[in-house]
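**Q** I'd like to go over a predicted model; first the sequence, then the structure.
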Amino acid sequence: MRLLKIIFSVTILFVSFTSAQNANFEKKIDALLKRMTIEEKIGQLTQYSGDRKATGPVTFKGDSEKLIREGKIGAMLNVIGADYTRRYQEVAMQSRLKIPLLFGQDVIHGFKTTFPIPLAEAASWDLEAIERSARLAAVEASAAGLHWTFAPMVDICRDPRWGRVMEGAGEDTYLGSRIAFARVRGFQGRGLGNVDSVMACAKHFAAYGAAVGGRDYNSVDMSERQLWETYLPPFKAAADAGAATFMNSFNDLNGIPATGNRYLQRDILKGKWNFSGFVVSDWGSIGEMAAHGYVEDRRAAALAAITAGSDMDMESGAYRDNLAGLVKTGEVPVAVVDDAVRRVLRKKFELGLFDDPYKFSDPAREQRELNNPEHLAFAREIARKSIVLLKNENRTLPLSKDVKTVALIGPLAKAVRDNHGFWSVELPGVDYDKLIVTQFDGIKNKLGSDSRLLYAEGCDVDCRTDEKFAGAVETARQADVVILSVGERANQSGEAKSRSNIHLPGMQEELIRKIQATGKPVVVLINAGRPLVFDWTADNVPAILYTWWLGSEAGNAIADVLFGDYNPAARLPITFPRTEGQIPIYYNHFNTGRPPRGDDSTNYVSAYIDLKNSPRFPFGFGLSYTSFEYRDLKLDKKRMRANDKLEVSLKVTNTGRLAGEEVVQLYLRDRVASVVRPVKELRDFRKLALRPGETKEVRFVIDKEKLSFYDQKLQWTAEPGRFDLMIGASSADIRLSDSFELVD
Ligand code: NOJ
């Protein structure tokens, strides 16, 4: 009780300190706003790219230092490094009002230490690890002078043709929301103002992941219900976690570009959600509204964007050139500009930049954090957690370390930079070729001195010719086991990397057939930023690991899994289709009035006549080297009222011979509702570690929130009636089930 009292008093003290501090910031902002010219205000709303690798078309090519000195730039991107950021900040300190610059960057999955691509991390279903990954990225990025990351990307995506699927958490809203929350917490750490915290930026607001046809930057057309139910919740979770900024998106949503979308930015984000941070446009997206055909020119684009609540202009220059004129004519009230400036200044105060503009630019800290061995150790840990075991017949895996001869074959076996994946940060002066552990090196490190590791490329990633196939087959024949490393190059997924054909590239699958025909045990490693199509391989090869792009320690992590030093426990965060024609395919679909019965039913049911109905691999799926048994499902009541909590418990036993982890997934279905509900929806999960023979009890609590949805009037509500409860090892492997009733 005493302890509780102390905690309570400390919390009260902290809350009152923070609100006093905030009130103080607002006063300082008021004073500053009074002194600012309109040009200086617009400067705070203008962001330009520095001279490091640009991540979009560069629209401003002038003398940025001159503009900074004149107070006409408030933020930069692509300026990295303690010394380099200090240089620019020194220029800002020569401006009339000495308002510090913000430095932002795409720190998407690690900084110097590269962690797995976000989709891979999502496969870990390990929220603590995901938070830590963001934390360490922030520690490194902030040590290199950065205040702000353009992450997390929280776009739900049900279309693996979209190249940016690699950057998010997959198809599921619940999992995606939990991960969004964890990532924001990780980046912002103990809160802005701490020198190792960077501002998070939830992007791309909104619905960017639903681009028609999976083609990047394409239009999005969706119902309000789908927007609220599927695409907005991860953004809400990011806002709830305290995300300091949001980025809007390139797409139009039902005909209105997100950048000029008042409903999204003012009504929902700043209104309903009470978001006090600022919104940055996507790269050039304000100017692009003219190309959309939404506005006549860049002047009208600036008017539409600022009116809609887009606070900062990234790279389009539309605010710089037009906003002052728009204020002069009265088309934009100065109060609208002031509100946007206030939001930006607020973050600069919260970061502590007015007290010390150079606090993030500390070369000694940079040296230390960018070479921190603990970060590399963690990179290996999270990489292992991200690898999905898709198939393992005849206990092909794990391999023995005493195996005499291993053949490592394939275009990606010695890949270096590709291991980093798209959206990795490349720091000048860093020899990444020496830093990255390739698969070849990782496997070599594992083998004893009596074992031999042979290598053959087979073909390059595009695999347009079979001229090296015979050599690869010859290499395979000499081995006791073959590991085949195939997939896509890192730059085949990512921004502007949509693909209509997501099969393994070129003749790669032909190479796999040839190697498989040798009769040797074959393990296929698939490296990719998205679900690929590899139907023949899935049917015929005994062992498959999906390794995505895993970052700095990829080779060691893969070798840990191959040789059993780590028992794989990842689960797919997205459905894998059999072929592109099934897209979009996702587990939480509606039943329809004519659901197919089983995989091959096609007769007047909702199905394709030329394809099985199931996906190749379902959402939530992943194997382990051990096995788990689920039993004793108990519900503490069969009827619950809206303010009750229903407790669910079950037991899970490791029935195999190795220690392992299981992801226990809880799905619900609202059987009958005023709007049709999905056949199942993930509503909770637990990741458990179990020793051989060990049993653990798992408990879940179901409350009204978990039963709620948007009704016909788009009210968030739970309707009385019967609910199915399903406990599964994947969305398609339901082990235990029951039902209960929600009563009035
Ligand atoms: C465009 C991308 O869509 C966005 O995600 C990124 O943050 C910016 N470029 C800056 O690189």
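**A** In hand now; what should we look at?

**Q** any idea how far A258 is from the residue in the stretch 101-250 of the chain positioned nearest to the ligand?
**A** Per Cβ to the nearest ligand atom, the residue of the stretch 101-250 of the chain with the smallest distance to the ligand is F150, at 3.4 Å. Placement of C-beta: from N, CA and C, glycine included. Using Cβ to Cβ, to the nearest Å, F150 is found at 15 Å from A258.

**Q** before we move on, the earlier item: what's the neighbour count on the residue of the stretch 101-250 of the chain closest to the ligand?
**A** Neighbours of F150 under the rule other Cβ atoms under 10 Å: 25.

**Q** so what's it up against?
**A** L77, G104, Q105, D106, V107, I108, C201, K203, M247, V280 (Cβ atoms under 8 Å, 6 or more residues apart in numbering).

**Q** how about V403?
**A** L447, S451, D480, V481.

**Q** mind redoing it with 7 Å?
**A** Contacts for V403 were tallied using Cβ atoms under 7 Å, 6 or more residues apart in numbering; they are S451, D480, V481.

**Q** mind checking the SS state of it?
**A** Per DSSP: H, G, I helix; E, B strand; the rest coil, the secondary structure class of V403 is coil.

**Q** with the one 10 residues further on instead?
**A** For A413, the secondary structure call by three-state DSSP comes out as coil.

**Q** shouldn't it be in contact with Q439?
**A** Yes - look at A413 against Q439 with Cβ atoms under 7 Å: they come within range, at 5.2 Å.

**Q** next, count neighbours for the nearest residue to L353 once chain neighbours are set aside.
**A** Spatial nearest neighbour of L353, excluding adjacent residues (Cβ to Cβ, 6 or more residues apart in numbering): P100 at 4.0 Å. A count of nearby residues for P100, using other Cβ under 10 Å, gives 26.

**Q** what's the answer for Y604, then?
**A** Neighbours of Y604 (other Cβ under 10 Å): 8.

**Q** please identify which helix or strand holds it.
**A** Of the helices and strands defined by DSSP states H and E, none includes Y604.

**Q** contacts only, for it.
**A** Taking Cβ under 7 Å, 6+ apart, one finds R594 in contact with Y604.

**Q** now G277
**A** A243, A244, T245, F246, R343, K347.

**Q** cool, and K236?
**A** With Cβ under 7 Å, 6+ apart, K236 has these contacts: W273.

**Q** so which bits of the host helix or strand of it are buried?
**A** Using DSSP H and E, K236 sits within helix 233-240. By neighbour count on 16 or more other Cβ atoms under 10 Å, the buried set for helix 233-240 is P233, P234, F235, K236, A237, A238, A239.

**Q** in the stretch 401-550 of the chain, which residue sits closest to the ligand?
**A** For the stretch 401-550 of the chain, Cβ to the nearest ligand atom, closest residue to the ligand: E495, 5.5 Å.

**Q** quick check, that residue in contact with R164.
**A** Yes - between E495 and R164 a contact is recorded at 5.8 Å, counting by Cβ under 7 Å.

**Q** out of the two, which sits in the busier spot?
**A** A direct count of neighbours by other Cβ under 10 Å for E495 and R164 places R164 higher, at 28 against 19.

**Q** tell me how far the more buried one lies from Y208.
**A** On the measure of Cβ to Cβ, R164 and Y208 end up 8 Å apart.

**Q** same question for Y455.
**A** Counting by Cβ to Cβ, the gap from Y455 to Y208 is 41 Å.

**Q** tell me which of those two has more neighbours.
**A** Y208 (29 against 17).

**Q** just list the residues touching the closest residue to the more buried one other than its chain neighbours, thanks.
**A** Among residues not flanking Y208 along the chain, S249 sits closest, at 4.0 Å (Cβ to Cβ, 6+ apart). Contacts for S249 (Cβ under 7 Å, 6+ apart) come out as H204, F205, A206, Y208, A258, D282.

**Q** ok, and which of the contacts of G277 reach the ligand?
**A** When contact is defined as Cβ under 6 Å from any ligand atom, those do not meet the ligand at all.

**Q** farthest-separated two in those residues?
**A** Pairwise distances across those peak at 13.0 Å for A243 and R343 (criterion: Cβ to Cβ).

**Q** neighbour-wise, which of the two wins?
**A** A243 (26 against 23).

**Q** ok, back up a step: kindly reformat the contacts of S249 as CSV containing secondary structure, pLDDT and distance to Y358.
**A** Below are the contacts of S249 laid out as CSV (DSSP: H, G, I helix; E, B strand; the rest coil; pLDDT from 0 to 100; distance: Cβ to Cβ, whole Å):
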residue, secondary structure, pLDDT, distance to Y358
H204, strand, 98, 31
F205, strand, 98, 32
A206, coil, 98, 36
Y208, helix, 98, 35
A258, helix, 98, 35
D282, coil, 98, 29
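
**Q** reformat those as a markdown table; add distance to the ligand.
**A** Shown next, in a markdown table, are these (distance: Cβ to the nearest ligand atom, whole Å):
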| residue | distance to the ligand |
| --- | --- |
| H204 | 6 |
| F205 | 11 |
| A206 | 13 |
| Y208 | 8 |
| A258 | 11 |
| D282 | 5 |
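
**Q** between those residues, which is nearest G191?
**A** F205 (22.6 Å).

**Q** what number of residues lie near that closest one?
**A** Neighbour number of F205 under other Cβ under 10 Å is 28.

**Q** what's near enough to touch the residue nearest in space to the middle of the chain?
**A** The residue lying closest to the centre of the chain (Cα atoms, centre = their mean) is G168, at 2.7 Å. G168 makes contact with P118, L119, M153, V154, D155, C157, G176, G209, according to Cβ under 7 Å, 6+ apart.
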